[in-house]
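Trainee: Task: produce atomic coordinates for the following.
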Amino acid sequence: MKKPITPVRVLIADDDAILREIAGVMLEEAGFAVQTVSSGDAAVAACALRMPDIALLDVEMAEGNGYQACTNIRSLPGGADLPIVMVTGCDDSLSIDHAYEAGATDFVIKPINWTLLAHRIRYVMRGARAIEALRFSEQKNAALLKAIPDGIFLVNSAGSIGHCFSPIGGLRQTAEPATDPKSLFDLIPETTRGHAMDCLSSALRGEPAVFEFSLEGKTRSMRHFECRYLPNSAGQVLAIIRDVTARKETDARIHRLAYFDALTGLPNREWIREYLAQSLAEARRRHRRLALLYVDLDQFKRINDTLGHGTGDALLCQVAERLQAALDQDGMEGVQGQIARVGGDEFIVVLTGISDAAQAEQAAKRIVSMHAAPFLQASYELVVTPSIGIAAFPEHGDDVQSLLKNAEGAMYEAKSSGRNQLRVYDSAVNARALKRLSLEMELRRAVENSSLEVYYQPKYEAHSLKLIGGEALLRWFHPERGQIPTADFIAVAEETGLIGDIGKWALQRVCRDLSQWRGEGLVLPHVAVNVSGRDFTHPEALLRLSETVIQANLSPSLFELELTEGVLMRDAEGGRRSLLALKEFGFTLAVDDFGTGYCSLNYLKRFPLDTLKIDRSFVADISKNEDDAAIVRAIIALGHSLDLKIVAEGVETLAQLQFLQAEACDAIQGFLMSAAVPAASFAGLLRLPQPSLATQQTLPMRYVG
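Mentor: Residues are numbered from 1 along each chain as shown. Predicted coordinates:
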């Protein structure tokens, strides 16, 4: 049912009763609602009571003429926009000018053409509605422009500002002079004006252009802006200036996260590889030498296990300072050293400008000597000795991979020879390879004899502390040597290719445990399983993962496959294809140890991931260290902006938990809730109605390395 149309209300003011009568009849027959009054004062009073849609005022009336009435109506609430038509018997231009000066919208000359009057009123009303719509549109556009944080300017070919639609807040406080700028280039530093003019010329040719500039700020050391030129059909250009300081600062944090170690501030593995590649190219060109020192701290894990990761991290920072001090000592004239942290307790030093291998050995001896003095940390005097491997260009390798491999091999030789010493790469390293072969053979037998075990690190929802899953971790308990560190035998497995068989066995064991728990009536948890880099690059290995799960009559959605940033970035495009295949199978995907220095933000956006796991090194000091806290906040914000779940590893204190809860971290795992436990103990956790800190105190709170 259509809504009834409300007739237009017309107010007629004329002291001629016959004219009022005729006008009323004619307009009512035309569909208007008519109100008539006999004077200008009465018209003003009528408008004050209820404003009509349009008013017709006779100019000559005894009690308040039309000019006065028009002026007074305009001063009433709502009267400024009322269409007012003056009815005059004079057709001289002076009377008409007087009518417009009083605020009239239009005029009609007597004698009135009654046939055309209704059409004249409709025409005036249509114009009034158009003006009202235009005014509303302008108000809306003004409000929108005011809400936009960008500065919007219309400029000509010389950069002169023709109109400022929206000034950018703070830009004039940043730029000089303080007066309103006549030219857009008044807002831009001199060093950027040439480029800005080139971009303006491109925009005038119809090609949008963009450039950036920076200015010294009053509240910040530097503010960054982006100016985007958009062509205008009138031969002008729309310049949109945006404050991108926050974006630049975030990009810088992400870059630092990708290429620098958050704990020590040193470059990480990815950065040092690029630096080493550049240094090698320079050495080849100039026929110079360089050396690589691979530094590993002896038995550092015992400090973390005994005194906690907080003490261990503080000690690593002191080690980084001593390494730098060793390179800054006198006697290294002409030699430049660059340090990087490439692992938990592993550092690389690249020496350029050396004349012979003796200088590299001299630097290594200084490092060993400086570590002889105890470190003072948390009321303890700790002695941490280094084992150092040395490989030199060109004798021990002419590419990045060879030098890294040989220096690491020499470092392992130093460790196996008693630690706290240095070794230069030579053929003796082959002897160590035989030992690693022996470990490989024992590891293979351990897989065949089922001597390996799968433990589960419980994962909890951060706010409710509800058990939502676990991470499957391998443990090797050797009958003679006790527990073999996971990192040791996984490294051997990766190097020898045995990792494929171990990964298959581990997944089968997880499937067996899940099937057993299902048979016991337990709600099946989501289980995170690590995928090796070797398996990830082979399509048949990925297919085997799916087949293993399907054969166990389990849903792939129960499994979260974890890959490190390094694995993903070895071949970013190939990795993306592999991830898409795994998603097609039905698995969920996670990046493990995120932030340790590999993943490109550009590729992170393109990877079909579900979860980011924050590395424990960032979590350790979030309640005490503002830098670590800022990094964790950035990772959580980054992950959520990409619709990813965030899991924090290594949560050991209530303060860390409370911080992560406040920052909307999705899930946690760590000693605060539970260490990694055998399958039977994990099943016991699944039977609990609601996991909590209180119930977790019954579990052994120890780290199983």
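Trainee: Skip the chain neighbours and tell me the closest residue to Pro539.
Mentor: Spatial nearest neighbour of Pro539, chain neighbours left out: Ala581 (7.0 Å); criterion: CB to CB, 6 or more residues apart in numbering. Quick note: C-beta positions are derived from backbone N, CA and C, even for glycine.
Trainee: try Asp621
Mentor: Using CB to CB, 6+ apart and skipping the chain neighbours, the partner closest in space to Asp621 is Asp628 (4.6 Å).
Trainee: Next up, the contacts around that neighbour.
Mentor: Ala262, Phe618, Val619, Ala620, Asp621, Ile622 (CB atoms under 8 Å, 6 or more residues apart in numbering).
Trainee: What is the burial count for the residue nearest to Pro539?
Mentor: Neighbour count of Ala581, defined by other CB atoms under 10 Å: 16.
Trainee: And it, which helix or strand is it part of?
Mentor: Assessed by DSSP states H and E, Ala581 sits inside helix 572-585.
Trainee: same deal with Ala590?
Mentor: strand 588-594.
Trainee: what do you get for Glu274?
Mentor: helix 269-286.
Trainee: try Leu11
Mentor: Short version, using DSSP H and E: Leu11 is in strand 9-13.
Trainee: contacts for that strand?
Mentor: 20, 23-24, 27, 32-40, 42-43, 46-47, 52-58, 61, 66, 69, 121.
Trainee: Select from those every entry located in strands.
Mentor: Ala33, Val34, Gln35, Thr36, Val37, Ile54, Ala55, Leu56, Leu57, Asp58 (DSSP state E).
Trainee: Show me which of those are buried.
Mentor: Val34, Thr36, Val37, Ile54, Ala55, Leu56, Leu57, Asp58 (16 or more other CB atoms under 10 Å).
Trainee: most residues in a single helix of this structure, which one?
Mentor: Determined from DSSP state H, the single longest helix within the chain is helix 114-147.
Trainee: Do a quick rundown of the helices in the stretch 151-300 of the chain.
Mentor: 171-174, 190-204, 245-259, 269-286 (DSSP state H, counting those that start in this stretch).
Trainee: Now do the longest strand along the chain, average pLDDT.
Mentor: Looking only at the chain and at elements set by DSSP E, the strand with the highest residue count is strand 467-478. The average of the pLDDT scores along strand 467-478 is 91.
Trainee: Once you drop chain neighbours, what's closest to Glu132?
Mentor: Closest to Glu132 by CB to CB, 6+ apart is Asp81, at 6.4 Å.
Trainee: Counting neighbours, what do you get for that neighbour?
Mentor: Asp81, neighbours per other CB under 10 Å, totals 12.
Trainee: cool, Leu467 as well?
Mentor: Leu467: 21 neighbours (other CB under 10 Å).
Trainee: can you pull the contacts of it?
Mentor: Contacts of Leu467 by CB under 8 Å, 6+ apart are Pro458, Lys459, Tyr460, Pro525, Leu685, Leu686, Leu688, Pro691.
Trainee: and if we set it to 7 Å?
Mentor: Contacts of Leu467 were listed using CB atoms under 7 Å, 6 or more residues apart in numbering, and they are Pro458, Tyr460, Pro525, Leu685, Leu686, Pro691.
Trainee: now Phe153
Mentor: Per CB under 7 Å, 6+ apart, neighbours of Phe153: Ile161, Cys164, Leu184, Ala239.
Trainee: for the stretch 501-650 of the chain, what are the low-confidence residue spans?
Mentor: 569-571, 595-603 (pLDDT under 70).
Trainee: what bits of the stretch 1-150 of the chain have low per-residue confidence?
Mentor: Those would be 1-4, 90-92, 138-139, 141-149, if you go by pLDDT under 70 across the stretch 1-150 of the chain.
Trainee: switch to 90 and redo it
Mentor: 1-8, 10, 12-34, 37-44, 48, 53-71, 73-75, 77-150 (pLDDT under 90).
Trainee: Would you map the strands across the stretch 501-650 of the chain?
Mentor: 526-530, 559-564, 588-594, 611-614, 645-648 (DSSP state E, counting those that start in this stretch).
Trainee: now for the third one, which elements pack on it?
Mentor: Using 3 or more CB pairs under 7 Å, 6 or more residues apart in numbering; DSSP states H and E as the contact criterion, the elements in contact with strand 588-594 are strand 559-564, helix 565-570, helix 572-585, strand 611-614.
Trainee: what's the answer for the first one, then?
Mentor: If contacts are counted by 3+ CB pairs under 7 Å, 6+ apart, strand 526-530 sits against strand 467-478, helix 499-519, strand 559-564.
Trainee: Return it as CSV; C-alpha atoms alone will do.
Mentor: Output of strand 526-530 as CSV, limited to C-alpha atoms (Å, rounded to 0.1, in the frame of the first residue of the first chain):
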residue,chain,number,x,y,z
HIS,A,526,43.8,-30.9,18.0
VAL,A,527,47.4,-32.1,17.8
ALA,A,528,50.3,-30.0,16.3
VAL,A,529,52.9,-32.1,14.5
ASN,A,530,56.2,-30.7,13.2
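Trainee: List the buried residues for it?
Mentor: Val527, Ala528, Val529, Asn530.
Trainee: The first one reaches Ala472, doesn't it?
Mentor: Right, Val527. Yes. Counting by CB atoms under 7 Å, Val527 does reach Ala472; the two are 5.6 Å apart.
Trainee: Good, we can wrap up now.
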